[in-house]
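> return atomic coordinates for the entry below.
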Amino acid sequence: MKLERFHGNPILEPQPKYWWESKATFNPGALYEAGKVHLVYRAIGDSDVSVLGYASSVDGFHIDERLDKPIYVPREPFEGAGLEYPAATHPEVVYFSAEDEVEEEVSYVSGGGGWGGCEDPRLTRIDDRVFMTYVAFDGYSPPRVALTSIHVNDFLAKSWQWQTPVLISPPGVVDKNACILPEKINSKYVIFHRIFPNILIDFVDDLDFDGKTRFLKGEFRIRPRPSYWDSRKVGAGAPPIKTKDGWLLIYHGIGERDPGRYKIGAMLLELKDPTRVLTRSKEPILEPEVWYENEGWKSGVIYPCGAVVIGDRLLVYYGGADRVACVASAKLDALLDHLVGTREAVPSFIGLLPVEAGVTPVKPVKIKRIIAYCLKCRAKREMKNPTALTLKNGRPAIQGTCPRCGTKMFRIVKA
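Next up is the predicted model:
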């Protein structure tokens, strides 16, 4: 079963007249409150720093309101406030191609062509507060998960009195794709996040993180499935939606056979124990096929950050090619029936190694050309004169030069 793209996509595009969103408007988080869908989206403009904008829609498809100023900007050093961005400022930092997902723990390139800031928001309402998780990136350190919140009345009134943000993921590790379950389980909050290549799940007593002594641990994990479309990595998309058949989690995945393309899938989690995967979509429910999913900062990327239910339809909001925001939908019952129907046929592999699951992993695709990210050109290019070497930490890498400007380029390779 596939999601149906809205014929009016993209629903949000960059606006050159506004400096803060002149280059990209994508990866929107979504919340359905007071009879409308509220979208908080990532925007990149002339400064190349990610900020968050706001738009809303009554029917979930057509934008009725869009603010002309950002509603959330970097305020803390860990999200880029007051810092100079990469290049000569941090010559010791090596940036790799965004394709090098397997090495995310030692390298990171911000999507959308930007140099950090507040990225990829997810929204969850619990009681009288709207919690927002997002990626905080200062431009050179490993990006981390940040958390803030706002009273629901202030949110609806567009009085942007956000609580001071705090980091909730550990330092030194690339951690992204965080979202919060909208209900407590056994009196605990449930937080999903992602450290390559797994979706991680934590149970916490409260959301009062101090940013210094207590961080997410990754207590449980949902792994990629060898031999399936999501065999390389998976990441949580929108906060899970409660249904009669379980928690519906929309997620993104990448496969070893198609490593350059993000696809969207769905899984059902046990209502009383969301660490237990009941079923996962055998095939993607959406793949990057149309122009606005392939023409932008990164071709072949569809990246879900929000989902709501209006009437009998599920609406999924996603970024296209790290440049625009889009929506696709399906009848909720039809999607649930499809997932339940594949429950016995498709293993979920939560916590299982490939051998234990009885599946032979596919072989990684050999890369004929060496593609890396040039910091000076701020673009991916085919490396010139690639040479194998070993880094100080013992990891193998490829070193070469940019064919356009001659800047030294690196790419980590699998051990």
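
> mind checking which helix or strand of this structure has the lowest mean pLDDT?
When the helices and strands of the chain are compared on mean pLDDT, DSSP states H and E, helix 354-357 comes out lowest with a mean of 32.

> given the following helix or strand past that helix, what are its sheet partners and their directions?
As assigned by DSSP states H and E, the chain's next helix or strand after helix 354-357 is strand 371-374. Here strand 371-374 is paired, per DSSP bridges, with strand 379-382 (antiparallel).

> for the protein, longest strand please?
strand 258-269 (DSSP state E).

> counting contacts, what elements does it pack onto?
In terms of contacts (3 or more Cβ pairs under 8 Å, 6 or more residues apart in numbering; DSSP states H and E), strand 258-269 is packed against strand 246-255, strand 277-280, strand 302-310, helix 332-341. (Glycine included, C-beta is placed from N, CA and C.)

> report pLDDT for the spatially most central residue of the chain.
Nearest residue to the geometric centre of the chain (Cα atoms, centre = their mean): residue 177, 4.4 Å. On pLDDT, residue 177 comes in at 98.

> from what I can see it touches residue 121, true?
No: if you go by Cβ atoms under 8 Å, residue 177 and residue 121 don't touch, sitting 11.4 Å apart.

> how about the strand or helix carrying the residue nearest to the centre of the chain: buried residues?
Using DSSP H and E, residue 177 maps to strand 176-180. Buried residues in strand 176-180, counted by 16 or more other Cβ atoms under 10 Å: 176, 177, 178, 179, 180.

> Serialize those to CSV and add fields for distance to residue 11.
Below are the buried residues of strand 176-180 laid out as CSV (distance: Cβ to Cβ, whole Å):
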residue, distance to residue 11
176, 23
177, 22
178, 24
179, 21
180, 25
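
> how about these, which pair is most distant?
The largest separation in the buried residues of strand 176-180, counting by Cβ to Cβ, is between 176 and 180 at 14.4 Å.

> got a list of what the residue nearest to residue 318 when sequence neighbours are not counted touches?
Closest residue in space to residue 318, ignoring its immediate chain neighbours: residue 304 at 4.3 Å, by Cβ to Cβ, 6 or more residues apart in numbering. Contact analysis of residue 304 by Cβ atoms under 8 Å, 6 or more residues apart in numbering lists 237, 238, 250, 251, 252, 264, 316, 317, 318.

> now tabulate those in TSV and tack on neighbour count, pLDDT and distance to residue 78.
As requested, the contacts of residue 304 are exported to TSV (neighbours: other Cβ atoms under 10 Å; pLDDT from 0 to 100; distance: Cβ to Cβ, whole Å):
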residue	neighbour count	pLDDT	distance to residue 78
237	31	98	24
238	26	98	25
250	28	98	28
251	24	98	26
252	24	98	25
264	24	98	29
316	24	98	30
317	30	99	26
318	31	98	26
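
> and of the residues you listed, the nearest to residue 334?
For the contacts of residue 304, the residue nearest residue 334 by Cβ to Cβ is residue 316; the value is 13.9 Å.

> name the element the closest one belongs to?
Residue 316 belongs to strand 313-320, assigned by DSSP H and E.

> where does the prediction get shaky in the chain?
Confidence mapping of the chain against pLDDT under 70 gives the ranges 82-108, 113, 344-368, 375, 378, 389-396, 410, 412-415.

> apply 90 and report the result again.
Scanning the chain for pLDDT under 90 picks out 47, 80-116, 139-141, 259-260, 341-415.

> residue 221: which of the contacts of residue 304 is nearest?
Closest approach to residue 221 among the contacts of residue 304 (Cβ to Cβ): residue 251, at 13.1 Å.

> partners of that closest one in the sheet?
Beta-bridge partners, per DSSP bridges, of residue 251: residue 236, residue 265.

> any idea how far residue 199 is from it?
Remark: distance between residue 251 and residue 199 (Cβ to Cβ, to the nearest Å) = 7 Å.

> name the residues contacting each of the two.
234, 235, 236.

> which of the three states applies to the first one?
Pointing back at residue 234 there. strand (DSSP: H, G, I helix; E, B strand; the rest coil).

> and for it, nearest residue in space, chain neighbours not counted?
Closest to residue 234 by Cβ to Cβ, 6+ apart is residue 253, at 4.7 Å.

> how close does that neighbour sit to residue 320?
17 Å.

> what do you get for residue 397?
Applying Cβ to Cβ to residue 397 and residue 320 gives a distance of 32 Å.

> which of the two has more residues huddled nearby?
Per other Cβ atoms under 10 Å, whichever of residue 397 and residue 320 has more neighbours is residue 320, with 28 against 19.

> show me what that one is bridged to.
The partner residues for residue 320, given DSSP bridges, come to residue 302, residue 324.

> pull the contacting residues for it.
9, 10, 26, 288, 292, 293, 296, 301, 302, 326.

> change it to 6 Å
10, 292, 293, 326 (Cβ atoms under 6 Å, 6 or more residues apart in numbering).

> equivalent analysis for residue 131, please.
Residue 131 makes contacts with 124, 149, 180, as judged by Cβ under 6 Å, 6+ apart.

> look up the closest residue to the last one, ignoring the ones flanking it.
Read it as residue 180. Using Cβ to Cβ, 6+ apart, the closest residue to residue 180 is residue 124 (4.3 Å).

> please tell me how far the one you found sits from residue 289.
Distance, residue 124 to residue 289, by Cβ to Cβ: 30 Å.

> cool, residue 324 as well?
Taken as Cβ to Cβ, the span from residue 324 to residue 289 is 15 Å.
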